[in-house]
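Chemist: how would this look folded up:
(one chain, ligands or ions: 1)
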Amino acid sequence: MVDNQADQSPERQVEAISKAFEQEIERFVSFGDWAEVSKLNLESAIAEQRAVAELRTRFLGKKSAIAATKKLIGRIAPESRGAFGQLVQATEEQLQTRLEQIESSLSRYIEEARTARESIDVTIPGRRPRTGHRHPITLLRERLEDVFVSLGYAIEDGREIETDFYNFDALNIPENHPARAKADTFYTTEGFALRSQTSTVQIHAMQRRGVPVRMIAPGRVFRRDTPDPTHNPMFFQVEGLCVDRGITMAHLKGTVAELLRRMFGADTVTRFRPSYFPFTEPSAEFDFSCFKCKGSGCRICKNSGWIELGGSGMVHPNVLRTVGVDPQQFSGFAFGFGIDRMCALMYELDDIRLLFENDVRFLEKFK
Ligand SMILES: [Zn+2]
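Modeler: Coordinates of the predicted model:
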């Protein structure tokens, strides 16, 4: 900052400090002018304020050259000591004044700019936050739950990882049944199965609550399928179970028919076809009359007039015995169907995978 300080006379040193200061303050001088300082944005004004503060420390701080020259006063010949003291003081005051002008202008501007930024214009229309909405499968699941709750059913939640006992044994699925094969069911390394049907919840519910019981269990199930437009390795089912004294197939048919009327309209017709499931006897698959063409044939029902939906039957006595219920005293029915399949039908989706890809452009249609 000041060269060869020791070689110069004290007066020359003060003069050199003054000159060096003038050179450095040059680029800040214009900020003393309101018109100039207000061209800055808030961030650069703050940066300039910091640079000016640093300049002040360098020229007027305790370790500054001007502070050092004060220490020289004692060594000056007494006759010129007064004059030198005045020179140092005058120089210091001048530096002080120059800096203060720039500093006050900058800090006033920064304060105003901050206030302007923080002030709220109450006349500007608000920006609505983007809210999400429920997934179509969730919406449908809730509709189904509402129907069953109104029929006196409880909603049961079950675990997705099961032991072989709940996934197969308790459901009367024999040892050699293909559903147990590793090609059909996902197994963990510890030998647990990702449940391949929500029927597992029936067993838990009967063990926990005993009978009589009326419950539905909506939830995810897992099967080793290759994804295609009508299959996905993970999908949603809803399982229903009703066990009481004197329950017959008529109760099953009435319940399923009532559900389908509430979902697809009062004129919906239901039909049952004989089938086989290990956990029910007798077993039946159920179809309903096409909600689109009312039975005359269309693309959705593949011109048959009927839509296949799910499986059902009277709970197998072995299943009741497994959970300690006497099949001589109690009987029951169970049914199950895919929520995603029903969803795809209702919204006429050609590809069930759309429901699991979480593409917002698709999902937003269900707002
Ligand atoms: Zn149809």
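
Chemist: could you check how far the residue in the stretch 101-250 of the chain that the ion sits nearest to is from residue 360?
Modeler: Using C-beta to the ion, residue 230 is the residue of the stretch 101-250 of the chain that sits closest to the ion, at 16.9 Å. For glycine as for every other residue, the C-beta is placed from the backbone atoms N, C-alpha and C. For residue 230, the distance to residue 360 equals 24 Å [C-beta to C-beta, to the nearest Å].

Chemist: and residue 152, how far from residue 201?
Modeler: Applying C-beta to C-beta to residue 152 and residue 201 gives a distance of 18 Å.

Chemist: next: residue 270.
Modeler: On the measure of C-beta to C-beta, residue 270 and residue 201 end up 24 Å apart.

Chemist: more crowded one of the two?
Modeler: Per other C-beta atoms under 10 Å, whichever of residue 270 and residue 201 has more neighbours is residue 201, with 24 against 19.

Chemist: state whether that one is indeed within a helix.
Modeler: Yes: assessed by DSSP: H, G, I helix; E, B strand; the rest coil, residue 201 belongs to a helix.

Chemist: wait, it sits on residue 154?
Modeler: No: the criterion here is C-beta atoms under 8 Å, and residue 201 misses it with residue 154 at 11.0 Å.

Chemist: between those two, what contacts are shared?
Modeler: Residues within reach of residue 201 and of residue 154 at once, by C-beta atoms under 8 Å, 6 or more residues apart in numbering, are residue 215.

Chemist: higher neighbour count, residue 230 and residue 360?
Modeler: Between residue 230 and residue 360, residue 230 has the larger neighbour count (other C-beta under 10 Å), namely 13 against 7.

Chemist: I'd say the more buried one and residue 353 touch.
Modeler: No: Residue 230 lies out of contact with residue 353 (C-beta under 8 Å); the separation is 9.2 Å.

Chemist: can you tell me the element residue 219 falls in?
Modeler: In this assignment (DSSP states H and E), residue 219 forms part of strand 213-222.

Chemist: any idea what residue 231 is bridged to?
Modeler: Legend: beta-bridge partners of residue 231 under DSSP bridges are residue 228.

Chemist: quick check, it in contact with residue 344.
Modeler: No: Residue 231 is beyond contact range of residue 344, at 11.4 Å (criterion: C-beta under 8 Å).

Chemist: what touches both of the two?
Modeler: Joint contacts of residue 231 and residue 344 (C-beta under 8 Å, 6+ apart) are residue 352.

Chemist: between these two, which one's more packed in?
Modeler: Applying other C-beta under 10 Å to residue 231 and residue 344 shows that residue 344 carries more neighbours, namely 21 against 12.

Chemist: helix or strand for the more buried one, which one?
Modeler: Going by DSSP H and E, residue 344 is in helix 339-346.

Chemist: touching that helix from outside, list them.
Modeler: Contacts of helix 339-346 (C-beta under 8 Å, 6+ apart): 136-137, 140-141, 144, 218, 232, 235-238, 263, 291, 300, 307, 309, 349, 352, 355.

Chemist: what about these, which are in strands?
Modeler: Judged by DSSP state E, those include 218, 235-238, 307, 309 as members of strands.

Chemist: output the contacting helices and strands for the helix ranked longest in the chain.
Modeler: In terms of residue count, the longest helix belonging to the chain (DSSP state H) is helix 78-118. Packing contacts for helix 78-118, counted by 3 or more C-beta pairs under 8 Å, 6 or more residues apart in numbering; DSSP states H and E, involve helix 10-25, helix 34-37, helix 42-60, helix 65-70.

Chemist: and the third one, how far out from the chain's middle?
Modeler: On the basis of C-alpha atoms, centre = their mean, to the nearest Å, the separation between the geometric centre of helix 42-60 and that of its chain is 44 Å.

Chemist: near the ion, which residues of this protein are found?
Modeler: Residues of the chain lying near the ion by C-beta under 5 Å from the ion: 290, 292-293, 298, 300-301.

Chemist: pull out the buried members of these.
Modeler: For those, a neighbour count by 16 or more other C-beta atoms under 10 Å gives the buried set as 290, 292, 300-301.

Chemist: need the max-distance pair from these.
Modeler: 292 and 301 (7.1 Å; C-beta to C-beta).

Chemist: below-threshold pLDDT in the chain: ranges please.
Modeler: Residues of the chain that meet the criterion pLDDT under 70 lie in 1-7.

Chemist: centre of it to the edge, which residue is at the far end?
Modeler: residue 79 (82.5 Å; C-alpha atoms, centre = their mean).

Chemist: quick check: the gap between that one and residue 71.
Modeler: In this view, residue 79 and residue 71 are 20 Å apart by C-beta to C-beta.
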